[in-house]
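> Provide a 3D model corresponding to the input given below.
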Amino acid sequence: MNKFRYCTLWRCCATYSSLANVSEHLRNRLVAMGVRTPTEIQEKALPVLLQGRSAVVNSETGTGKTLCYLLPIINRLLSDDETKAPYSFVLVPTAELAMQVHSTFDGLADSGWQCSEVFGDRKMTIKPYTRCVVGVPSSIATYGLQRLLKTTSVLVVDEADLLLTGGEKAATWKILRNFRALYEQNAGQRQMIFSGATMPSRGKQSALASLARWIPKSTEVIQTVGVHLPPQGVEFSYVKVVDDSHKMSLLMSLLSCHNYMSSILIFVNTTSTCEQVYNTICSSHDLPIDHNTIGRLDKGVDMDQRYLNMQLFLEGHYNVLVCTDLFARGIDIPNVDLVVLFDFPTNAADFLHRAGRTARAGKSGKVVSYVLPRDKHLCTLIEHTIGQRDSFDEELFSRKKMLKRRIGRILDTMDM
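Alright, predicted model coming up:
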């Protein structure tokens, strides 16, 4: 039996002012950031989360889920700032996302508060006014969790499907188990928030199924109609290619005719391919672009340079960024109108997250996918699903080797 309470609220809030519990300070900060109207998921989730209730927040990419959990955290601190540090923990899968959450927190919070980042060489620093710790679970889990979490009122798991079932799974569950023990002692004073864009429920090992066996029964699942779908403003194209050299030739032709009035993201599957594609683009003398406006982001780049490259791209100084999936999850990039999937992803979840870097906040964009023969079946199913505006079959979110057999079974049942 499903242990969750599913929330079916109607859209009713025209502005953040309609949410009576949001402080005037926060509303002013949102206006200063150019954010005036809540998205669908914010309208549904904020009334629940502002009351301190635990929830799973599940909606398509680019819909403002970060604000869904940061606004309640900051709003409560504004009304009661006597809490001991740290007040909240935000778990994220990558350093890049941790830095973005930190930046958003700083833009909304009181100037006297501090947010600590924890990943790689970035060590946790807890000071009297540390109100939020954001970081990668495996880095956070190396500290004394019982002491740290004793004063923590809010625990957020962002990109929850990846953290609960991916490479950070062990550390994430370790932190959750420690927090759950404290939650049971004083449930009314503690809150858990799980956020994601691809939260499948099928299968015993899926993210929601795993949570359902563990999380308190009062937890609500709040989701949008468009969950497990790409943004409506995306135009998709799929290009059949023979091999990697064919892909590179097509990519160079595409870059040579782009107007560069906005940014381009090029996704690859591995660090070595990222380096190769980046070097090939930079060595070309036929592109109408300054080589100093091309960046690279993958684990082969040291952390400080990755941060610099990310900032240069977000601020528009880089026109092109070649990257792995380090840049696919949660990163808000306002002016990307073209995403190129140089390497086709191995599952539908990664496809949705990569495609979700464009057409954000109601804008439009294009996604061009290069499709090798080995990618044909997954691509066919994705193309059909998008064309029908159906939700992605959750089986396609699997990262296991059995995926190809599952795709075959699904294709056999479809009227193509």
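
> What is the longest helix along the chain packed up against?
Ranked by residue count under DSSP state H, the longest helix found in the chain is helix 169-185. Packing partners of helix 169-185 (3 or more CB pairs under 8 Å, 6 or more residues apart in numbering; DSSP states H and E): strand 88-91, helix 137-140, helix 145-149, strand 154-158, helix 160-165, strand 191-196. In this view, the C-beta of every residue, glycine as well, is placed from N, C-alpha and C.

> what does that helix contact?
The contact list for helix 169-185, computed with CB atoms under 8 Å, 6 or more residues apart in numbering, reads 89, 91, 137-138, 140-141, 145-146, 149-150, 152, 155, 157, 163-164, 190, 192, 214, 216.

> In it, which residues are buried?
Lys169, Ala171, Thr172, Trp173, Ile175, Leu176, Asn178, Phe179, Arg180, Leu182, Tyr183 (16 or more other CB atoms under 10 Å).

> quick one: the fifth one from Arg53, how far?
It stands for Ile175. Look at Ile175 and Arg53: by CB to CB, to the nearest Å, they are 20 Å apart.

> care to break the chain down by domain?
Annotated domains of the chain cover 5-223, 234-413 [automatic domain parsing].

> Could I get those domains in CSV, plus columns for mean pLDDT?
Formatted as CSV, the domains of the chain follow (pLDDT from 0 to 100):
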stretch, mean pLDDT
domain 5-223, 88
domain 234-413, 88
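
> do you know how far the residue positioned nearest the centre of the chain is from Gln311?
Residue closest to the average C-alpha location in the chain (CA atoms, centre = their mean): Gly330, at 2.4 Å. Between Gly330 and Gln311 the distance is 16 Å, computed by CB to CB.

> Got the phi and psi for Ala197?
Here the main-chain torsion angles of Ala197 (degrees, to the nearest 10) amount to phi -110, psi -20.

> Surely it touches Glu60?
Yes - if you go by CB atoms under 8 Å, Ala197 and Glu60 touch, sitting 5.8 Å apart.

> Next, format the helices and strands packed on helix 169-185 as CSV and append mean neighbour count and distance to Phe236.
What follows is the helices and strands packed on helix 169-185, written out as CSV (neighbours: other CB atoms under 10 Å; distance: least, CB to CB, whole Å):
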stretch, mean neighbour count, distance to Phe236
strand 88-91, 26, 32
helix 137-140, 22, 33
helix 145-149, 16, 43
strand 154-158, 25, 26
helix 160-165, 25, 22
strand 191-196, 25, 22
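
> out of Ala197 and Glu60, which sits in the busier spot?
Ala197 (28 against 24; other CB atoms under 10 Å).

> what's the span of stretch 39-57, first residue to last?
End-to-end distance of stretch 39-57: 13 Å, with CA to CA, to the nearest Å as the criterion.

> tell me which residues of that stretch are tucked away?
In stretch 39-57, counting by 16+ other CB under 10 Å, buried: 39-50, 53-57.

> Check stretch 330-346 too.
By neighbour count on 16+ other CB under 10 Å, the buried set for stretch 330-346 is 330-333, 336-346.

> just how off-centre is it within its chain?
Remark: stretch 330-346 is offset 12 Å from the chain centroid, using CA atoms, centre = their mean, to the nearest Å.

> Pull up the distance across that stretch, start to finish.
End-to-end distance (CA to CA), stretch 330-346: 19 Å.

> Please apply the same query to stretch 85-94.
23 Å.

> May I have stretch 172-192 as PDB, with CA atoms only?
Extracted in PDB, the C-alpha atoms of stretch 172-192 (Å, rounded to 0.1, in the frame of the first residue of the first chain):
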ATOM      1  CA  THR A 172      22.500   9.800   1.600                       C
ATOM      2  CA  TRP A 173      20.700   7.000   3.400                       C
ATOM      3  CA  LYS A 174      23.200   7.300   6.300                       C
ATOM      4  CA  ILE A 175      22.300  11.000   6.700                       C
ATOM      5  CA  LEU A 176      18.600  10.200   6.400                       C
ATOM      6  CA  ARG A 177      18.700   7.500   9.000                       C
ATOM      7  CA  ASN A 178      20.400   9.800  11.500                       C
ATOM      8  CA  PHE A 179      17.900  12.600  10.900                       C
ATOM      9  CA  ARG A 180      14.900  10.200  11.000                       C
ATOM     10  CA  ALA A 181      15.900   9.200  14.500                       C
ATOM     11  CA  LEU A 182      15.800  12.800  15.600                       C
ATOM     12  CA  TYR A 183      12.600  13.400  13.600                       C
ATOM     13  CA  GLU A 184      10.800  10.700  15.600                       C
ATOM     14  CA  GLN A 185      11.800  12.300  18.900                       C
ATOM     15  CA  ASN A 186      10.300  15.700  17.900                       C
ATOM     16  CA  ALA A 187       8.400  15.400  14.500                       C
ATOM     17  CA  GLY A 188       6.600  18.600  14.900                       C
ATOM     18  CA  GLN A 189       9.800  20.600  14.900                       C
ATOM     19  CA  ARG A 190      11.600  18.900  12.000                       C
ATOM     20  CA  GLN A 191      10.900  18.700   8.300                       C
ATOM     21  CA  MET A 192      12.100  16.600   5.400                       C
END
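
> Off-centre distance for it?
So, by CA atoms, centre = their mean, the centroid of stretch 172-192 is 23 Å from its chain's centroid.

> Same question for stretch 218-230.
14 Å.

> ditto for stretch 295-304
The answer for stretch 295-304 is 19 Å, by CA atoms, centre = their mean.

> same check, this time on stretch 86-103
Mean C-alpha position of stretch 86-103 versus that of the full chain (CA atoms, centre = their mean) differs by 11 Å.

> Show me what counts as buried in that stretch.
86-102.

> and the end-to-end length of that stretch?
With CA to CA as the measure, stretch 86-103 spans 17 Å from end to end.

> Begin at 341, not 1, for the rest of this chat.
Shifting the count to begin at 341 puts that one at stretch 426-443.

> Can you get me the start-to-end distance on stretch 361-376?
16 Å.

> How about stretch 422-441?
End-to-end distance for stretch 422-441: 23 Å, by CA to CA.
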